[in-house]
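> Next come a sequence and a model predicted from it.
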Amino acid sequence: MSALWTSAAIAEATDGKPSAAFTVQGVAFDSREIGPGDLFVALKGEHSDGHLHVDQAFASGASGAIVSQPVEGPHILVADTAKALDALAAASRSRTDAKIVGVTGSAGKTGTKEALFAALDRCSFGKAHRSVKSYNNHVGVPLSLSRMAADTQYGIFEMGMNHAHELSALTRLVRPHAAIITTIAPAHIGNFATGEAGIADAKAEIFEGLMPGGTAVIPHDSPHFSRLRKKAERYAAHVLSFGFEAGADVRAVDVVSAPGGGSLVTARLGDQSLCFTIAEAGQHWVSNALAILAAVRAVGGDFASAGLALAEMSGIDGRGRRHLISLKSGGKAMVIDESYNANPASMKATLQQFSGGQNAGRKILLLGAMGELGEQSAQYHAALADDILASGAEVIILVGDDMTHTAAKLEQGLDRGVKMTHANNASEALTEVAKLLSDGDRLLVKGSNYLGLSSAVSALVSGEY
C-alpha cells in the first residue's frame, strides 16, 4: 500500500519542519481515533489542547504528528496546527484529478452523501472517497480532505453551517465540480434574522467554490428555488433542478411503495427515463435520490451503479438505522434511530414515514426538542403536535423544555387511549421507555443532538438499561 502522505510532502504543504522521515496512512485529530500508521494533528481548542495527547497518539500507533511545539517522536513543527490542517487539505485537493461533489442542506446531507458515495464507489471500483460521520465543519472538512488519496476518482464532502459565511470558506477549500443543496428548512433559524431566506442565502454559498464548468444541483419544489437559482447562476456553468413538480430537470413522475418498505421510482432526466428502487422509505428519500442522480450525471458517473446503490442502502446510525432488540421482559421490539438531529422539516418527514407501514405492536415516539429555533421555537414545537397526532402513535414521550409547547397542543387532540409523558433528559426518557416496551412495539427516537438521545438508543441496543 502506498503512503497517503510522506513527511516531506506534509512539510512542503504546511511550511513545517520535519524532525525525521516518516510516512502515514491516515489522519486524525482525536487521539482516541488514532490507528497504526496515522498522522496525529495536535489541534488547540477553547477547552482542550491536542499536545497533551501526543504521547497517547504515539502509543496508539501514530507514525507522526503535526505540532506547534517540539515533542518526542517523529513530527512536523508548524506555527499553527489548525492552519497546517487547512494547508494539508488544500494540498490534497490540488494533487488529485478526482471529480468532487459538495453536499449541503437543512436535512438529508449525510444520507445523500453516503448514498452518492456508494454509487460512485461502485462505478469506480473502490476509488471514491467521502467525509466520514458528519465531519462537515471548519475542522471536519479539512480533515476529510486530508484523508483523500491522490488517485481518488470521486470525492464527496458534506458541508454544514450554523451561520452565514461558514460555507463560503468551506466550499473554496473543497472546490467541487458539483454542489448539491438537498433542502431549505428552518434549521438553526434562530441564527438568521431574515428567517428561511437567510438560511437559503447561507446554503447557496456552496456554489461560490464551484470549479469552472461546475454544476449546481438545487431543489425545484422549494419555495426558495428562484433565490437559489439566481445565486447558482452566478457561479455555475450548469444548474440542474430536482423534484416532483413539472419543470424539474430531474423529476419523479411515478412513486409507489416497494416490498420491504422502500419506494419504486420512475424518474425523468431530460429525454431519459429511469426506473429504480430505493431501500429507504419516505418521500424525503425519493427527493434525495433525485439529487443524487443529478450529481451522478454532473460528474460523469454511472446511473446503473447509482440505482443498485440506492436499492441496497441501509440506515445510518442516528439517521434511520433500525435495530431489532431483545427485551428483558421477553420478545423483541424495533428501534428506529433518528437521534442525531432534528429540525421542523426532518421531524415532519420522519413522522410521516413512521405513520406508514403495518405493525402488530404499538407505535411509540421518543421525541426530543429541536434546537436553535430562536424566537419561533414555541411556534415550531406547537406545530409538531399535528404530525405527532397523524403518526398514529399510541405512546408519546417528549424530552426537553421546549416540548412543553408540543405537550400543550397535544393535550387538546389526544385520543383517550394515547399515553403521553414528558421527561427532562435522555436518562429519564430511557427509564420510561424501558418500563413500557413490549413484544412487537416499534419505537422511533428523534431529537436534536444536544439532548443525547443516542445514549438511550445505545442502551436499548446493548441491553444495558
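Good, I have the coordinates.

> going forward, measure contacts between C-alpha atoms and count neighbours the same way
Noted.

> Return the distance of Gly392 relative to Val418.
The gap separating Gly392 from Val418 is 9 Å, by Cα to Cα, to the nearest Å.

> following the helix or strand containing Arg297, which helix or strand shows up next?
Secondary structure assigned from DSSP states H and E places Arg297 in helix 283-298. Scanning forward in sequence from helix 283-298 by DSSP H and E, the next helix or strand is helix 303-312.

> what about Ser94, distance to Arg32?
Counting by Cα to Cα, the gap from Ser94 to Arg32 is 29 Å.

> neighbour count winner among those two?
Ser94 (14 against 11; other Cα atoms under 10 Å).

> those helices in the stretch 201-350 of the chain, which residues are they?
Along the stretch 201-350 of the chain, counting by DSSP state H, counting those that start in this stretch, helices occupy 225-235, 283-298, 303-312, 344-355.

> closest to Glu338 out of the ones you listed?
Within these, the stretch nearest Glu338 is helix 344-355; the backing value is 8.2 Å (Cα to Cα).

> Give me the distance from that closest one to the chain's centre.
Offset of helix 344-355 from its chain centre (Cα atoms, centre = their mean, to the nearest Å): 16 Å.

> Mind putting the helices of the stretch 201-350 of the chain into a markdown table with distance to Ala429 and mean neighbour count?
Formatted as a markdown table, those follow (distance: least, Cα to Cα, whole Å; neighbours: other Cα atoms under 10 Å):
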| stretch | distance to Ala429 | mean neighbour count |
| --- | --- | --- |
| helix 225-235 | 39 | 17 |
| helix 283-298 | 28 | 23 |
| helix 303-312 | 33 | 19 |
| helix 344-355 | 18 | 19 |
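
> Just send these back as a markdown table, with distance to Leu430 and mean pLDDT too.
Formatted as a markdown table, the helices of the stretch 201-350 of the chain follow (distance: least, Cα to Cα, whole Å; pLDDT from 0 to 100):
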| stretch | distance to Leu430 | mean pLDDT |
| --- | --- | --- |
| helix 225-235 | 41 | 97 |
| helix 283-298 | 28 | 96 |
| helix 303-312 | 31 | 93 |
| helix 344-355 | 20 | 88 |
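
> can you list these in a markdown table and add distance to Ala246?
Compiled in a markdown table, the helices of the stretch 201-350 of the chain are given as follows (distance: least, Cα to Cα, whole Å):
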| stretch | distance to Ala246 |
| --- | --- |
| helix 225-235 | 13 |
| helix 283-298 | 14 |
| helix 303-312 | 22 |
| helix 344-355 | 22 |
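
> between the ones you listed, which gets nearest to Glu158?
Short answer: helix 283-298, nearest of the helices of the stretch 201-350 of the chain by Cα to Cα, at 13.2 Å.

> about what we covered before: and the helices of the stretch 201-350 of the chain: which comes nearest Arg362?
Comparing the helices of the stretch 201-350 of the chain by Cα to Cα, helix 344-355 comes nearest, at 11.5 Å.

> For stretch 339-352, list the C-alpha coordinates in CSV.
Extracted C-alpha coordinates of stretch 339-352, given in CSV (Å, rounded to 0.1, in the frame of the first residue of the first chain):
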residue,chain,number,x,y,z
SER,A,339,-31.4,10.5,17.3
TYR,A,340,-28.6,12.5,15.6
ASN,A,341,-30.5,15.7,15.0
ALA,A,342,-33.9,17.3,14.4
ASN,A,343,-35.5,20.4,12.8
PRO,A,344,-39.1,21.1,11.8
ALA,A,345,-38.6,19.7,8.2
SER,A,346,-36.8,16.5,9.3
MET,A,347,-39.3,15.9,12.1
LYS,A,348,-42.2,16.2,9.7
ALA,A,349,-40.6,13.8,7.1
THR,A,350,-39.7,11.2,9.7
LEU,A,351,-43.1,11.2,11.4
GLN,A,352,-44.8,10.9,8.0
